[in-house]
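Novice: Take a look and give me a structure for this.
(chains A and B, ligands or ions: 1)
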Amino acid sequence: MDERSYYTIDPEGKLKCLKCGVPLEKGKAKFLYLDNGFPVELPVCPKCGFVYVPESLALGKVLSVEKALEDK
Amino acid sequence: MKSRIPERGSTHVYNVSKISKEEIDSMVERCVYEQPPFCNAACPLKLDTRALLKAVAAGNFKKALQLYEKIAPFPLILSQGCEAPCEAKCRLCERGDGIAIRAIESAVARFGEQSKLGGVFRSTKKQKAAIFGSGLFVLFLAGELEKKMYPVTVFCAEPDEEMYLRGAAPFLDDAAFTLELKRLKRKEIRFVFGCEITAEFFRQKREEYQILGASEAAAKTFFPVAECTPDVMLYEKENLIMGSGSGVMDTAFGAKKAALTADRLAQNLDPRNTRGREGAVESKLYTDLSQAEALTRVPIPLEGYSRDQAMEEARRCLQCRCEECLKTCAYLRHYGKHPGLLAREIYNNTQIIMGDHQLNKPMNSCALCGQCTAVCPNGMDMARVCHMARENMVATDKMALAPHEFALLDMLFSNEEAFLSRPQPGFETCKYVFFPGCQASAVAPETVRAAWEDLSTRLEGGVALMLGCCGAIADWAGRREIYDHTKAFLDAELSKLGDPIVIAGCPTCAKQLRSRESLEVIGIWDILLQLGLPEGAKGLDRPAALHDACGARGDSVTQNAIRSLAKQLGCDLKEPKDALDRAPCCGYGGLAGYANPEVAAELTEQCIERGEGPWITYCMACRDRFARAGQETHHLLELIYGKDAQNAPDISEKRRNRRALKRDLLLEYWNEETKGMEPEFKITYTLEAREMMDQRMILTEDVENVLRAMRKTGEAVLDGESGLIIARARLGNTTFWVGFTEEGADAYIVHRAYSHRMQVVRRQG
Ligand SMILES: [Zn+2]
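Specialist: Model (predicted):
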């Protein structure tokens, strides 16, 4: 997998990990589906590693990639 | 939580074939959409008569002439001399007068503007053609070769074009002769007049030309033994194209064949090979004559049709085209393809190893309802094609779970958590078992209870109760393994009850269960006809439209029983358009609603448009979809038992209804308590959240599980902007996210919910 990220979201300090009490930061994550992987940058908790997928991303980009992969 | 049904892998199995090429070929052949209209099939010259008549009907004589000139270099000669076998084949002849095609062609030849294809744009071919002699065959052949862009020279004895044309087409009237002479002079045909057509003359000229043709008389002069092979119009020994004809049409056909031979010879190819299908053919097209009007021909005046008369006559044309299934099926209309084409594409889709399977969605959007087979004059069966294709995709591990997982999990829910199978209290085994069907318990649990209580009171020998799914969902999804497992499970449960006679409450269950030889299955409608209606049963006080169930297609016994029952109830039934075997599907069938909500909605809409409500159905899925579309709808059993399930439940309520029915009946009749099912914390939903969840197929139990996981791990995100806490959990193959606010320690208000199937993980580097 290359270093390129397919999608980047910066939490801009608006999101907080409830467990750790710290703001989420832009961090490296990966989507996996039907044996395919996509590197992305999403809001991640720097302490516990919680990766956050916002609603707009889930219903937009993520859904369309899912559908494309399902028809492969 | 582990997934109940494994997701597809990426290593596909290639060699399974649930659908053979031979079968698909024979299926595709049943669709006659692409068959030629009968007039066109009868024409050896293959005139696109349907298009020509359409153009004339619209007053577009220019386009009509273009179509006609494709087959006729001299339109007036052909239209005045043609025997017109097309006219006898016109389907209108069966009801009245066939279309006066020849007279219309003649009007087209007279009134059509000639397209201005002057010499400027012509890029002629290298091979030159010479044709010797006189007569219609030579004239037509010259015309055909000119159309094919060969430089053509005609060597003849006549002194000029006028004499030549007079000799070739003596039957032309004066007006036609003038027009056709003009046309001849405009063509890029070089005439050498006043020649002495002898063998010596031919020998002198032949070396200069690559394509040689002659009238029959000229050919015999050059070679007394010359013999024409009719298929190719060739004296093969000398590669001399020759011919005559027994009539104008036959001569035109001969010239057409001869021109193709010229093409083949010019390319140094065997003129006998790859010629395609020449001449008239038989058509298997179907034409619906029930709507045929205007059965009388516009009288043809001596001088032929005027423009207006030709248009009027052409407007009588039915424009033969078989679209019987497209007329009745919203799914086929949605994709805008006739089933022969769609079936072929879907089959090809199953054969793709690498790359996009673009037909997955169409294949999964068919309601598998069998309507097309009922309306098709040849029994084209899209349900079989789509079903086999689904099974094949599953068997080769190419079918993603996404379109069907919710339905499959719902089926597992029906046959596990909500499954109930008990003999009637007081009986060890029973003579009967009532099997209402999963949708009945989900949509109208009170009706299920009342029906069973009635049956077990009035029937002798004990009536057991079995709440579950017949397996139709797995069958529709093409999941053979799950279907077989369901079948074995139900068989084992039935055997525990003493292999009773199944009283089905749903026509689809009845059909599914009947497909197994070991079971005796009757419908509750049959039983109620025998027993008579229960006390208090009452029909509607207004006229109602009856919607037939796909499960009863081809089953006139059930269709009639339903009508008899409704009449006994006192219902004033109205038959909508397309009733009985022609009834469309409500959109639930084949899991269309899961794979393609848009098509399913169109199917529902099409059902509703056929008549005026209130509606009476005898399938709970139809009742549910009609009600969701805002129609007042009653299942026949609701009327019989006086229970109105009211508004359509959402997906979570459908589960709760099944659970509650099982819990209540177990306690009341078998004295069994069900362990608490309520979560240990309190959840309320905003209206917006409930609607969102119903549309996104997220259940309240999914939300409960997310919150339960959050309470255990403490993992959640606070969105400073919306003020919502957002938690998530991976449940099976799906990650669910819930946005909520807290109301004290153990109470939550859910505002939003969404999901995705992709897994998300952290990555290093
Ligand atoms: Zn954290």
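
Novice: Please count neighbours and contacts with C-alpha atoms only from this point.
Specialist: Fine.

Novice: ok, the most centrally placed residue in chain A to residue B:724 distance?
Specialist: By C-alpha atoms, centre = their mean, chain A has its centre lying nearest to residue A:42, at 4.0 Å. Note on residue A:42: its distance to residue B:724, by C-alpha to C-alpha, to the nearest Å, is 18 Å.

Novice: cool, and residue B:680?
Specialist: The gap separating residue B:680 from residue B:724 is 22 Å, by C-alpha to C-alpha.

Novice: Bridged to the residue nearest to the centre of chain A, which residues?
Specialist: Beta-bridge pairing of residue A:42 under DSSP bridges involves residue A:27.

Novice: Can you get me a residue count around residue 48?
Specialist: Just so you know, I chose chain A. Residue A:48: 12 surrounding residues under other C-alpha atoms under 10 Å in any protein chain shown.

Novice: My question was about chain B, not that one.
Specialist: Residue B:48 has 19 neighbours, counted by other C-alpha under 10 Å.

Novice: So it sits against residue B:40, correct?
Specialist: Yes: contact criterion C-alpha atoms under 8 Å: residue B:48 and residue B:40 qualify, at 5.8 Å.

Novice: ok, for the residue in the stretch 451-600 of chain B that chain A sits nearest to, nearest residue in space, not its chain neighbours?
Specialist: The stretch 451-600 of chain B approaches chain A most closely through residue B:595 (11.5 Å), counting by C-alpha to the nearest C-alpha. Distances taken as C-alpha to C-alpha, 6 or more residues apart in numbering or on different chains put residue B:403 closest to residue B:595, at 4.6 Å, once the chain neighbours are dropped.

Novice: quick one: contacts for the one you found?
Specialist: Shown in contact with residue B:403 (C-alpha atoms under 8 Å, 6 or more residues apart in numbering or on different chains): B:364, B:594, B:595.

Novice: So what touches the helix ranked longest in chain A?
Specialist: The helix that spans the most residues within chain A, counting by DSSP state H, is helix A:63-70. Applying C-alpha under 8 Å, 6+ apart, the external contacts of helix A:63-70 come out as A:33, A:34, B:399, B:400, B:402, B:756, B:757, B:758.

Novice: So what's the residue count around the second one?
Specialist: The number of residues packed around residue A:34, counting by other C-alpha under 10 Å, is 17.

Novice: Equivalent analysis for the third one, please.
Specialist: Here the number of neighbours of residue B:399 (other C-alpha under 10 Å) works out to 28.

Novice: My read is that residue B:747 contacts residue B:685, right?
Specialist: No: applying C-alpha under 8 Å, one finds residue B:747 not in contact with residue B:685, separated by 11.0 Å.

Novice: Can you tell me how far residue B:689 is from residue B:700?
Specialist: Look at residue B:689 and residue B:700: by C-alpha to C-alpha, they are 10 Å apart.

Novice: OK, contacts around the residue of chain B found nearest the ion?
Specialist: Nearest residue of chain B to the ion (C-alpha to the ion) works out as residue B:715 at 7.2 Å. For residue B:715, the contact set (C-alpha under 8 Å, 6+ apart) comprises A:17, A:18, A:19, A:50, B:727.

Novice: Restricting to those residues, which residues neighbour the ion?
Specialist: residue A:17 (C-alpha under 5 Å from the ion).

Novice: In JSON lines, list the contacts of residue B:715 along with neighbour count, pLDDT and secondary structure.
Specialist: Shown next, in JSON lines, are these (neighbours: other C-alpha atoms under 10 Å in any protein chain shown; pLDDT from 0 to 100; DSSP: H, G, I helix; E, B strand; the rest coil):
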{"residue": "A:17", "neighbour count": "28", "pLDDT": "97", "secondary structure": "strand"}
{"residue": "A:18", "neighbour count": "19", "pLDDT": "96", "secondary structure": "coil"}
{"residue": "A:19", "neighbour count": "17", "pLDDT": "96", "secondary structure": "coil"}
{"residue": "A:50", "neighbour count": "20", "pLDDT": "96", "secondary structure": "coil"}
{"residue": "B:727", "neighbour count": "25", "pLDDT": "98", "secondary structure": "strand"}
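
Novice: what about the helices in chain A?
Specialist: Listed in chain order, the helices found in chain A under DSSP H are A:55-57, A:63-70.

Novice: of all these, which lies closest to residue B:204?
Specialist: Closest approach to residue B:204 among the helices of chain A (C-alpha to C-alpha): helix A:63-70, 70.1 Å.

Novice: Of the helices of chain A, give the one that comes closest to the ion.
Specialist: When the helices of chain A are compared by C-alpha to the ion, helix A:55-57 sits nearest the ion, at 19.4 Å.
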